[in-house]
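>>> let me see the structure of the following:
(one chain, ligands or ions: 2)
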Amino acid sequence: MSINTRDYMVPEGKSIEIDSLPTKYDGNLEREEGLELFNELLLKLRDLQELLYADSSKSLLVVLQAMDAAGKDSTIRNVFGPINPQGCKVVSFKGPNSVELAHDFLWRIHQNVPRKGHIGVFNRSHYEDVLIVKVRELAPKETITQRYNHINAFESMLHDEGTRIIKFFLHISKDYQKVKLQRRLDNPDKLWKFCPSDVQERTRWEDYQKAYEAVFEKCSTEKNPWYIVPAERKWFRNLLVAKVMVETLESMDLKYPTAQFDPKTIVIP
Ligand code: ATP
Ligand code: MG
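Ligands and ions are numbered 1, 2, ... in the order given. Purely as a prediction, here's the structure:
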C-alpha cells in the first residue's frame, strides 16, 4: 500500500500551519482501490481487537477532534461500527455539566479511559479544554497554558500504564464546512444535527485553527502522536484512520494468553 502513515503524523515539537496541509487528498489512490484496502484493514482490525481483548494487559484510546460537521460521527460509524461492541466504547464529550465543572478538567476524562483489553473512542475530548475554552476565553490564560503540560503528563502516565493513545484531527476547509452545515439546514432529516451555535463557532474559524496549531505543537509526542487527516474524501479519511489503528495495534506486542492447563488432557464428555 502506498500510504505512509508517518506522513500524516505531527513530529514532536514541530510547529504546523494547518492551512498549508491538504483537506482533500486521496493518497494517489483510486476510490475503488481505497475501498478494497479499507475492507482488508477492517478484517485485520477485527482480529487485532480480539487479540487486544484476549491479551487484556493493554488498551487503546482513540481521540477524535475536528471542527463542526467534519465527519467525526461518520468516521466512528465506518471504522468502529464493524468492531465487536463488547470491547469498544465510544464516549462523546459535550460541554461539561455542573458536577464536571466542579472538578478539574481531566476528572471526567480519566473515568472514561478504556479498561485493559478494550478500545475507547473519544468523540471530542480533554482537548476541548484548550480549544473551545481557549477560543471563548472560558478559563484564565495561565490556566490554559498550564493545561498543555497537564495533558502531556496525563497521557504519558496512561501510556506507561498500558494505554496507547492515538489522536486524529479531521481536517476540512472552511468552504467544505459551509457546504456540510448548509446540507444539514436544507435536509429535514439532518436538521437535528444542526446547532445554531455552530454558526457562532464558525465565525471564529481562524482562532480555532490557531488553537489547534498550539495543540499539535505542544501535545504531539513520539509516544502519543497527533495525526492530521485530510477529511474531505471520506473513503480516504476512513482508510487512514483504520491504517493507523492497525499499525498501532500491531506494534503493541499483543499475545494470546497461554492456557493454564494442557488441552490434550481434557476430554469433553
Ligand atoms: P457534530 O459534529 O455532529 O455537531 P458535536 O461533537 O459538535 O457533533 P454537539 O453536541 O453539537 O456535538 O457539540 C458538543 C459541544 O460541546 C461542542 O461545541 C464542544 O466544543 C463542546 N464542548 C465539549 N467539551 C467542552 C468543554 N470541556 N468545555 C466547553 N465546551 C465543550
Ligand atoms: Mg456540533
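>>> contacting residues around the residue in the stretch 101-250 of the chain positioned nearest to ligand 1?
Closest approach between the stretch 101-250 of the chain and ligand 1, counting by CB to the nearest ligand atom: residue 128, at 3.3 Å. (Each C-beta comes from the backbone N, C-alpha and C, glycine too.) Residues in contact with residue 128, defined by CB atoms under 8 Å, 6 or more residues apart in numbering, are 65, 93.
>>> then it would be within a helix, right?
Yes - residue state for residue 128 (DSSP: H, G, I helix; E, B strand; the rest coil) corresponds to a helix.
>>> pLDDT wise, what is it at?
Model confidence at residue 128, expressed as pLDDT, equals 98.
>>> for the one 10 residues further on, same thing?
According to the predicted model, the pLDDT of residue 138 comes to 97.
>>> how many other residues sit next to it?
The number of residues packed near residue 138 is 15, by other CB atoms under 10 Å.
>>> if I pick it, what's in contact with it?
Applying CB under 8 Å, 6+ apart, the residues contacting residue 138 are residue 132.
>>> next secondary structure element downstream of the worst-scoring helix or strand of the chain on mean pLDDT?
The helix or strand of the chain with the poorest confidence is helix 196-202; it has a mean of 93 (mean pLDDT, DSSP states H and E). Scanning forward in sequence from helix 196-202 by DSSP states H and E, the next helix or strand is helix 205-219.
>>> how far away is the nearest residue to residue 176 once chain neighbours are set aside from residue 136?
Excluding the flanking residues, the one nearest residue 176 by CB to CB, 6 or more residues apart in numbering is residue 232, at 5.3 Å. Per CB to CB, to the nearest Å, residue 232 is found 26 Å from residue 136.
>>> also residue 226?
22 Å.
>>> the more surrounded of those two?
More crowded of residue 226 and residue 136, by other CB under 10 Å: residue 226, with 26 against 12.
>>> the residue lying closest to the more buried one once chain neighbours are set aside: what's it in contact with?
For residue 226, ignoring the flanking residues on the chain, the nearest one in space by CB to CB, 6+ apart is residue 220 at 3.9 Å. With contact taken as CB under 8 Å, 6+ apart, residue 220 is in contact with 9-12, 14, 167, 226.
>>> over to residue 113?
59, 61, 120, 158, 163.
>>> what about stretch 113-120, start to end distance?
Its start and end residues considered, stretch 113-120 measures 6 Å (CA to CA, to the nearest Å).
>>> got the buried residues for it?
By neighbour count on 16 or more other CB atoms under 10 Å, the buried set for stretch 113-120 is 113-114, 117-120.
>>> among those, which ones are in strands?
119-120 (DSSP state E).
>>> show me which residues of the longest helix seen in the chain are buried.
Secondary structure of the chain per DSSP state H: the longest helix is helix 31-55. Residues of helix 31-55 classed as buried by neighbour count (16+ other CB under 10 Å): 33-34, 37-38, 41-42, 44-45, 48-49, 51-53, 55.
>>> likewise stretch 254-269?
Buried residues in stretch 254-269, counted by 16+ other CB under 10 Å: residue 254.
>>> for stretch 183-198, same thing?
184, 193-194, 198.
>>> got those residues as a markdown table, with secondary structure and distance to residue 98 columns?
Listed next are the buried residues of stretch 183-198 as a markdown table, based on DSSP: H, G, I helix; E, B strand; the rest coil; distance: CB to CB, whole Å:
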| residue | secondary structure | distance to residue 98 |
| --- | --- | --- |
| 184 | helix | 29 |
| 193 | helix | 26 |
| 194 | coil | 26 |
| 198 | helix | 24 |
